[in-house]
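Chemist: Just to be clear, the model below is a prediction. Sequence and coordinates:
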Amino acid sequence: MWPEELFDFAYFPNINELLQELAEEAEPEDWEYKNTSSHGGYELPILFNYIKYTYRKLAEESKLMLSEDGQYCCFNTGLVTEGQEPIYASFEVNRRDGLQRWYFKGWFRRGRWELNVFSELPDLAHYFDDPSSLVLDTRKDLRVNVEHIVAENKDRFPEPYSTMQPYGLQTFLKGAIDNARERVRRNYKTAIPQYYKGQIQLLLPLCLGNPAKADLALVVERHSTFYRASTCLTLDMAYNNARQLTRPDRDWLQP
């Protein structure tokens, strides 16, 4: 019923200005990358991706709400004001032919009169059924394809690790993974969940040179009796993915 992509669904007259308005309406949060210079033209890239993929999940779940006359629709952004009032994205029928069906109308908190055209307001996106998927069970085996991580993701490693010989880098990586596992054993919140391609994965900090500073995030997939890791993400990529579920704990992953 609903297009998969946000910009196929609705027309946004100036997305950067609208994202700034949403950031001001919502409780304070840092929506900018800190380690990536290219933002794809978006001034608040984390917020842009958050809205884009939140819409995609809501469209998949058919959680957009139509007004009774069919002239308006809205969805729950999953964000709240400082007073903890939910914020909704509202749209009206696009009057211009040949464009997206909907035209962006505004970000409205739950109590705004503009939302009175809806008999009900839509629910949040739903990402998991099993809460245990959000926690790393340290009793299970963690199988790591270290060679593959180095071979396929070397460009994601910071200097001087990105220019190291593969064997030397593998040695550094194995030590960082062992330290990350011990860190999770001491504090379960160290493993941060992310939603990716329909499943919950966990992110572990890889501290290659300084134990107090993560350089990368190890992506861990859950299987029935073990975990598997075969890739890593930059910290900006990791935060971007993790923010889809909730604002990550600031212990090691920060925007």
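Modeler: Arrived safely.
Chemist: need the strands for this protein, in chain order.
Modeler: 10-11, 65-66, 72-80, 86-93, 102-109, 141-144, 192-196, 199-206, 216-222, 226-233 (DSSP state E).
Chemist: Okay, residue 175 and residue 164: tell me how far apart.
Modeler: Distance, residue 175 to residue 164, using C-beta to C-beta, to the nearest Å: 13 Å. Just so you know, the C-beta spots here come from the backbone N, C-alpha and C atoms, and that holds for glycine as well.
Chemist: Neighbour count for the two, which is higher?
Modeler: residue 164 (16 against 13; other C-beta atoms under 10 Å).
Chemist: Could you double-check that the more buried one lies in contact with residue 170?
Modeler: No - Residue 164 is beyond contact range of residue 170, at 9.2 Å (criterion: C-beta atoms under 8 Å).
Chemist: which stretches of the stretch 51-200 of the chain form helices?
Modeler: Listed in chain order, the helices of the stretch 51-200 of the chain (DSSP state H, counting those that start in this stretch) span 146-153, 166-186.
Chemist: so which of the ones you listed comes closest to residue 68?
Modeler: Set against residue 68 and scored by C-beta to C-beta, the helices of the stretch 51-200 of the chain come closest in helix 166-186, at 49.9 Å.
Chemist: now the closest one against helix 146-153, angle please.
Modeler: 110 degrees (axes from the mean of the first three to the mean of the last three C-alpha atoms, to 10 degrees).
Chemist: And helix 166-186, what's buried?
Modeler: Neighbour counts over helix 166-186 (16 or more other C-beta atoms under 10 Å) mark 169-170, 172-173, 176-177, 179-181, 183-184 as buried.
Chemist: mind putting these in CSV, pLDDT included?
Modeler: Output for those, formatted as CSV (pLDDT from 0 to 100):
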residue, pLDDT
169, 94
170, 94
172, 91
173, 95
176, 96
177, 97
179, 96
180, 97
181, 96
183, 95
184, 96
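Chemist: mind giving me CSV with the strands of the chain and columns for mean neighbour count, distance to residue 35 and mean pLDDT?
Modeler: Below are these laid out as CSV (neighbours: other C-beta atoms under 10 Å; distance: least, C-beta to C-beta, whole Å; pLDDT from 0 to 100):
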stretch, mean neighbour count, distance to residue 35, mean pLDDT
strand 10-11, 17, 31, 96
strand 65-66, 18, 38, 98
strand 72-80, 21, 24, 98
strand 86-93, 20, 28, 98
strand 102-109, 18, 28, 97
strand 141-144, 15, 23, 96
strand 192-196, 21, 16, 94
strand 199-206, 22, 14, 96
strand 216-222, 23, 10, 97
strand 226-233, 18, 11, 96
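Chemist: Nearest to residue 57, out of those strands?
Modeler: strand 192-196 (7.9 Å).
Chemist: Check what contacts that closest one and list those residues.
Modeler: 57, 127-128, 133-134, 200-203, 217, 219, 238, 241-242, 244-245, 248-249, 253 (C-beta atoms under 8 Å, 6 or more residues apart in numbering).
Chemist: tell me the angle of it relative to strand 199-206?
Modeler: 140 degrees.
Chemist: and the angle from strand 192-196 to strand 226-233?
Modeler: Counting by the same axes, to 10 degrees, strand 192-196 lies at 80 degrees to strand 226-233.
Chemist: related to what we said a few turns ago, TSV for the helices of the stretch 51-200 of the chain, including distance to residue 92?
Modeler: Listed next are the helices of the stretch 51-200 of the chain as TSV, based on distance: least, C-beta to C-beta, whole Å:
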stretch	distance to residue 92
helix 146-153	44
helix 166-186	48
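Chemist: Could you report the neighbour count for the residue nearest to residue 68 when sequence neighbours are not counted?
Modeler: Closest residue in space to residue 68, ignoring its immediate chain neighbours: residue 119 at 6.2 Å, by C-beta to C-beta, 6 or more residues apart in numbering. By other C-beta under 10 Å, the residues close to residue 119 number 9.
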